[in-house]
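> Build the 3D model from these lines:
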Amino acid sequence: MSRRSLKLIDVRPRPGNASQGQMIAGNMILRCALGKGGISAFKREGDGATPLTRMRLLYGFKRPDKKVKGPTGLTMKALRRNDGWCEVSNDRNYNRKVRIPYGASHETMWRKDDMYDVCIVMDWNIRPRRRAKGSAIFFHLARPGYTPTEGCIALNRSDMNRLLPYLSNKTAIRTLR
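Have a look, this model is predicted:
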């Protein structure tokens, strides 16, 4: 595979396990974790589903104290200890990065489990933001055993490091059933 950025990455559920998937990225086929609710065309806040759609990669975060390999065509910002992501649909900062402590319920981005050592924001429910349509749909690192996410798509660290050089803001991930 050349070092040009990928335009489209497909993700399909694994047969017999809706919360795990296969990611087809160029000539790579990678195992990934999906939402505990599988892939859904009717994504709602808190349902644990990965949306059935095409999502462009917007930008990412990486922990400066962790080893994140590979250059990427995506803008990658340093993750800070007080970074969070608002998940309350009637809050003015719904589905946006916030500084914590924050008054409304939020996702803590600086985690002990390493999931957000690399965390890429996808354009799900970003513009326009619609209440209760789902927040914090990220492309990030998987837990051991590819346990389900809350709706995100996740790869192991080795596969993420292999894939990063082929990603840019022109890359989209398409979920299929």
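> give me the number of residues near the residue lying closest to residue 50 once chain neighbours are set aside?
With CB to CB, 6 or more residues apart in numbering as the measure, residue 35 is the residue that lies nearest to residue 50, at 4.0 Å, once sequence neighbours are left out. (Glycine included, C-beta is placed from N, CA and C.) Other residues within reach of residue 35 by the criterion other CB atoms under 10 Å amount to 26.
> Looking at strand pairing, list the partners for residue 35.
The residues paired with residue 35 through beta bridges, assigned by DSSP bridges, are residue 149.
> mind listing what it touches?
Contacts for residue 35 were tallied using CB atoms under 8 Å, 6 or more residues apart in numbering; they are 19, 47, 48, 49, 50, 148, 149, 150, 151, 152.
> Then residue 30?
The neighbourhood of residue 30, defined by CB under 8 Å, 6+ apart, consists of 22, 23, 155, 159, 162, 163.
> mind running it again at 6 Å?
Under the criterion of CB atoms under 6 Å, 6 or more residues apart in numbering, the contact partners of residue 30 comprise 23, 155, 159.
> if we can go back for a sec, using TSV, lay out the contacts of residue 35 together with neighbour count.
Converted to TSV, the contacts of residue 35 look like this (neighbours: other CB atoms under 10 Å):
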residue	neighbour count
19	20
47	18
48	18
49	25
50	34
148	22
149	25
150	19
151	26
152	24
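> Save those as CSV, and put in pLDDT and distance to residue 110 too.
What follows is these, written out as CSV (pLDDT from 0 to 100; distance: CB to CB, whole Å):
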residue, pLDDT, distance to residue 110
19, 98, 25
47, 96, 25
48, 96, 23
49, 97, 26
50, 98, 23
148, 98, 22
149, 97, 18
150, 96, 17
151, 97, 20
152, 98, 16
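> out of those residues, which are inside strands?
19, 50 (DSSP state E).
> List only those of the contacts of residue 30 flagged as buried.
Among the contacts of residue 30, those that count as buried by neighbour count (16 or more other CB atoms under 10 Å) are 23, 155, 159.
> how much space is there between residue 95 and residue 50?
The span separating residue 95 from residue 50 equals 15 Å under the rule CB to CB, to the nearest Å.
> before we move on, what about residue 59?
When distances are taken as CB to CB, residue 59 and residue 50 turn out to be 20 Å apart.
> again, but for residue 66
Taken as CB to CB, the spacing of residue 66 relative to residue 50 amounts to 25 Å.
> mind listing the strands for the chain?
So, for the chain - with DSSP E - the strands run 8-14, 17-25, 28-33, 39-40, 50-51, 54-62, 76-78, 83-86, 97-99, 106-108, 118-122, 138-141, 153-155, 172-175.
> will you turn those strands into CSV that also has distance to residue 129?
Listed next are the strands of the chain as CSV, based on distance: least, CB to CB, whole Å:
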stretch, distance to residue 129
strand 8-14, 23
strand 17-25, 26
strand 28-33, 25
strand 39-40, 19
strand 50-51, 14
strand 54-62, 14
strand 76-78, 20
strand 83-86, 10
strand 97-99, 13
strand 106-108, 15
strand 118-122, 13
strand 138-141, 16
strand 153-155, 20
strand 172-175, 19
